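# Have a look at this prediction, sequence included:
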Amino acid sequence: MTLGSIIRRPYLASPHVTVSNVSEVNYKAMQEKCGIKAVIFDKDNTLTAPYENTIHPLASDGLTNAIRTFGRSNVAILSNSAGTLDDPGYEDAAEIEEALNIKVIHHDEKKPGGLNEVLDHFGSDVVSDASELCMVGDRLLTDVVFGNLYGMLTV
């Protein structure tokens, strides 16, 4: 994915839903009205402050509601640092999983790549198609483009 392709298709960088923090998202409506079965969160500036592994106070209720709605195994983090080849031994991913009590998806390609690892993480018994996923993140050119490129609901 190049910047030129985004310029030709600017809708890829436009989220379906815009909120000031993840606690404003209605996860139950997302599940019932949109058929969403799992949620992928970016980490930095979405669930935590950058380079921190503790949940931001404004994101705490949102993460709790997502887990309550979809179940802990259907909520995960897709980061462009933790869980990638830039994370030796996936040590950062392990620390985040311990701190936030949700899985970090391991992936070789940074967003907007990594779809296969995401689908493998949730499994075909949970998600049969990327359109059953929601990507929640703060970056238009990574998080939102990733979700929109594959037909996910984007926040």
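Perfect, thanks for sending it.
# Okay, Pro10 and Ala59: tell me how far apart.
Distance of Pro10 to Ala59, given as Cβ to Cβ, to the nearest Å: 28 Å. Just so you know, the C-beta spots here come from the backbone N, C-alpha and C atoms, and that holds for glycine as well.
# Could you check which of these two has the larger neighbour count?
For Pro10 versus Ala59, neighbours defined as other Cβ atoms under 10 Å are more numerous around Ala59 (21 against 9).
# The top helix by length along the chain: which residues count as buried?
Longest helix in the chain, counting residues (DSSP state H): helix 57-70. For helix 57-70, burial by neighbour count (16 or more other Cβ atoms under 10 Å) applies to 59, 62-63, 65-67, 69-70.
# who touches Lys37 in this structure?
31, 70, 74, 122, 126-127, 132-133 (Cβ atoms under 8 Å, 6 or more residues apart in numbering).
# Model confidence score at the spatially closest residue to Asn101 that is not a sequence neighbour, please.
Nearest non-adjacent residue to Asn101, counting by Cβ to Cβ, 6 or more residues apart in numbering: Arg72, 7.2 Å away. We note a pLDDT of 97 for Arg72 in this prediction.
# Check Thr2 too.
67.
# can you check Asn116 too?
Checking the pLDDT column for Asn116, the value is 95.
# and what of the one 10 residues further on?
Turning to Val126, the model gives it a pLDDT of 94.
# Same check on Arg8?
On the pLDDT scale, Arg8 gets 85.
# so where's the protein shaky on pLDDT?
1-3 (pLDDT under 70).
# Would you state the strands of it in chain order?
38-41, 75-77, 103-104, 133-136, 153-154 (DSSP state E).
# Not counting its own residues, what contacts stretch 4-16?
140-141, 144-145, 147-149, 153-155.
# now stretch 138-148: how far from the chain's centre is it?
9 Å (Cα atoms, centre = their mean, to the nearest Å).
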